[in-house]
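K.L.:
give me the fold of what follows.
(chains A and B)
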Amino acid sequence: MAAAPSSRPFEYLESLPGTVFFKLYQQPSTALAIFRRMLPDLAKCFVMALLYLKDPLPAADLEVWVKSESLKERDNALSILGRLHILSNTVIANNVRAYMVTNPFAASLRHALTGAEQTQSFGVLAHPPNAAAVSIANLDDYARRQWEGVLGYMVGTSGLGIQRDVNLSKGVKQLLQAGHLVEIRGTRVDITKDGFAFVLQDVSTQVWHILILYVESAEAIGMDSVEVLSFVFLLSSLELGQSYEKRHLTANQLRTLADLADFGIVYQESPEAAHFYPTRLATTLTSDSSALSNPIAGSLAGNPTGDPSSSSAANKAGTGFIIIETNYRLYAYTSSPLQISLIALFTTLKYRFPNLITGKITRQSIRRAVEMGITADQIISYLSTHAHPQMRKHNTSRSTSNQAGIPQSILPPTVVDQIRLWQLERDRVQATAGFLFKDFVSLAEYEAPCRYAEEIGVLVWKSDRKRMFFVTRHEQVAAFLRSRK
Amino acid sequence: MNTIDATEHYSTSAHDRPPSLLTVILDTNPHAWAQLSSQSALPLSTAVANILVFLNAHLACNYANEVAVVASHTQKATWLYPVAAASPDSNQPPRDKDGDTPMPSHNRPPPPHEMNKYRPFRIVEEQVTQNLHRLLGGTTADDLSATTSTLMAGALTLALSHINRRTIAWAEAHGGETDPNAHANNTTTTSTNTAGGAAAASGGDKASTESGLQSRILILSVSSATGAAHQYIPIMNAIFACQRLQIPIDVCKLAGDAVFLQQAADATKGVYMALAEPRGLLQYLMMAFLPDQRSRRHLILPTRVDVDFRAACFCHRRVVDIGFVCSICLSIFCEPLEKGECLTCGSVLEMGDYGAKPAVVARKKKKKKVRGPGNGASATPTPTPTPGP
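P.N.:
Residues are numbered from 1 along each chain as shown, chains lettered A, B, ... in the order given. Predicted structure coming up:
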């Protein structure tokens, strides 16, 4: 779904009860992070337009504002805002429906924009003696080592000779197990289907996945999930290369901090140190995946530049390292054992050079991957996330000749389609959990909610003849039905 | 089988939203602000505070969004943000060579109670207010008495060069990200590029206009344009550059009238708004000017229907309703040329029998009189031609 942003954290948030939102939105940093990360463009416009209005805006006015051909986007945006408890429906004089931004959120976002009085929502800078400051390069290096260590542990690259200087704490391993990313049998670590899906994602999605797992497990060990969650959002608003005071943090937050340090999300010289540094994994949490071409992703990809100290991150040209040709040959400029073992999951490798491996994507290799539980979509998104800059360039130069209407893809279309076909050979049934609406009396009664469901983007299937439709979420459709009665 | 071609895959990359760069050109003409604050109780300080909130809102929309602020002052156009961190001192000399305006403020550490603000917001805020203070502090009475207009052309050029630089840098860093949404623009871009030649000089990167950094310019104008007629040519050149690079120029008009800025917004498909109630500046900004190009596709935005297309003549810089146009280079003149020689390209032009009474007046006049009031007063629908160098 185009408008649904990064589904995993969104789904988690959505499942929370309204009271949790009330508590979460007390913090300006949380309001800012959710605004930035979870909302589609149009929803952001709505929120900003309503933010400084004193009175609720009549729904009709808001609807007039949007072009008639963009109804779908509008309803989708309003629906997401409603689900996150950001926008509320009220009724003003003359029974006119109106929208307004709900209060703790509005106040917090305003505070975030204008600066607030004494809250420590955006962290408190520490001023360590200059000599003690940790450089950005070191932070990147630390984050990369830790994160690669976690992934390496999951994929089991120890046999491939990865350096074992990363000591994963027990908590990390337990968390991975609790999230069903790995299964531990005795001393052996087996990666699960979910785990395969996980390692093929891009870094920011992975970090979010881990963080959500962490928040979920926090409740189990007696921490307040709201506190942990708002701390995560706080981390996302800190600045890279700065150190922050720890003494303002609560006990639970300190505990979270120590746990996140194991993942490389934050750095502290020692557990007793008075300040901590957020790493790039933390500070880019609220960015879209397009901002992922940062040194972390680059060095995680085993970029042979090997010099993350080049402080100008912007000058680094892209981060991809995989070239794939229309004849299914794959070239990957990497020497990282982790990346090689990831590519080997769905490729038949042929040669290995000091900085390059070559291989071929074949029917067998894809089938093998699919049997392990990897989906074609995961493979394709992995390949396009790590596509070499050369492929991106090639693609843009070619795009002018493309017919309008067909979106362009970085990968050769033949390869993309073939990977999907190979997967389809195996699994032909896809399950979607959801709700069936049926037994409509008249066609008109059926059509309106059906169209509404389509507009808010929850419709999966419909049959005009049988007057049935199937949706992934039912609350709003039900509310819609009620409002019509 | 149908599922293979389904758009599932493509839509996964659709939330790769390219960031946008917002360049605000703030008209800091002291004459106009003095007038405005006396009329409608919107002093510059309040306006700047509103603009800062607006800038923060723009930054809040996307992690990678950028802002830039240019001041268009009476005697110079200058950067308010970003200013290179090391160079505030090196930028100083031209401003205070008289040496009597010491500006000790820019080095002082921020007071601790302001700590609680998202860092990027605070940096923008500090730099803008600081540089604005310095700019206004460095303005002498002599500077003000010299002119009453504002250097809009210079500010536009600064903004354009910054946008160009950032676009190239972004494209280099990201190797031409793909954005399927922008795909529809392809054909138009190529055609204008071939026609335009050097104008789209952004490293041959067509991608930059369609999938790279999305840039736009917002002009907050308070001065009236009558004084700006002498900048007609550079302003129009900047507008055409924007048109070619698909950079919308939004105009937020707080006071005065702006002939050329209406054309700017119209030609670049930007938003033009003359504020009826300047004290509501923030709400106007948030509602009409915050949506970026992607959101604008879905929104109905305020535009102006009756655009003032008048041009300024090349000989006296007067704004003219009806003028004389050189048929070779399309230069505009307000009166018949001496010797019939075009001042721009030097072509010798025949005036024909201008001013002489046509022989067949009687019949035509009757016909014209019927239609006359309908289209006589309205501005000519033809767009202004490209002015020469």
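K.L.:
which SS state does residue A:331 fall under?
P.N.:
strand (DSSP: H, G, I helix; E, B strand; the rest coil).
K.L.:
name the element the nearest residue to it once chain neighbours are set aside belongs to?
P.N.:
Closest residue to residue A:331 in three dimensions, ignoring its sequence neighbours and counting by CB to CB, 6 or more residues apart in numbering or on different chains: residue A:323, at 4.5 Å. The way it works is simple: take the backbone N, C-alpha and C, and place the C-beta from them, glycine included. Here residue A:323 is covered by strand A:322-324, with elements defined by DSSP states H and E.
K.L.:
report all helices and strands that that strand contacts.
P.N.:
Contact partners of strand A:322-324 among helices and strands, from 3 or more CB pairs under 8 Å, 6 or more residues apart in numbering or on different chains; DSSP states H and E: strand A:329-332, helix A:389-398.
K.L.:
quick one, phi/psi of the closest residue to chain A within the stretch 1-150 of chain B?
P.N.:
As assessed by CB to the nearest CB, chain A sits closest to residue B:63 within the stretch 1-150 of chain B, at 3.4 Å. The phi/psi pair for residue B:63 (degrees, to the nearest 10) reads phi -60, psi -40.
K.L.:
distance check, it against residue A:33.
P.N.:
10 Å (CB to CB, to the nearest Å).
K.L.:
ok, the two, which is more surrounded?
P.N.:
Under the criterion of other CB atoms under 10 Å in any protein chain shown, the comparison of residue B:63 against residue A:33 puts residue A:33 first, with 26 against 21.
K.L.:
stretch A:43-55 close to chain B?
P.N.:
Yes. Counting by CB under 8 Å from any CB of the partner chain, contacts between stretch A:43-55 and chain B involve A:44, A:45, A:48, A:49, A:51, A:52, A:53.
K.L.:
neighbours around the fifth one, how many?
P.N.:
Spelled out, that is residue A:51. Around residue A:51 there are 22 residues (other CB under 10 Å).
K.L.:
also the last one?
P.N.:
Using other CB under 10 Å, the number of residues around residue A:53 comes to 15.
K.L.:
assign it to helix, strand or coil.
P.N.:
Classification of residue A:53 using three-state DSSP returns coil.
K.L.:
now it. Nearest residue, chain neighbours left out?
P.N.:
Residue A:53's closest residue in space is residue B:283 (CB to CB, 6+ apart), at 6.8 Å.
K.L.:
before we move on, the earlier item: for residue A:363, find the nearest of the helices and strands packed on strand A:322-324.
P.N.:
Smallest distance to residue A:363 across the helices and strands packed on strand A:322-324 (CB to CB): 14.4 Å, for strand A:329-332.
K.L.:
make TSV out of the helices and strands packed on strand A:322-324 and add mean neighbour count and mean pLDDT.
P.N.:
As requested, those are exported to TSV (neighbours: other CB atoms under 10 Å in any protein chain shown; pLDDT from 0 to 100):
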stretch	mean neighbour count	mean pLDDT
strand A:329-332	20	93
helix A:389-398	18	69
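K.L.:
that older thread, wait, doesn't the residue nearest to residue A:331 sit right on residue A:392?
P.N.:
No. At 10.8 Å, residue A:323 does not count as touching residue A:392 under the criterion of CB atoms under 8 Å.
K.L.:
mind giving me the domain split of chain B?
P.N.:
Per automatic domain parsing, the structural domains of chain B span B:18-296, B:311-373.
K.L.:
end to end, how far does the first one reach?
P.N.:
Spelled out, it's domain B:18-296. End-to-end span of domain B:18-296 (CA to CA, to the nearest Å): 15 Å.
K.L.:
quick one: the strands in the stretch 1-150 of chain B?
P.N.:
Here the stretch 1-150 of chain B has its strands, by DSSP state E, counting those that start in this stretch, at B:20-27, B:66-72, B:77-81.
K.L.:
ditto for the stretch 351-485 of chain A
P.N.:
Under DSSP E, counting those that start in this stretch, the stretch 351-485 of chain A gives strands at A:357-360, A:435-437, A:459-463, A:468-471.
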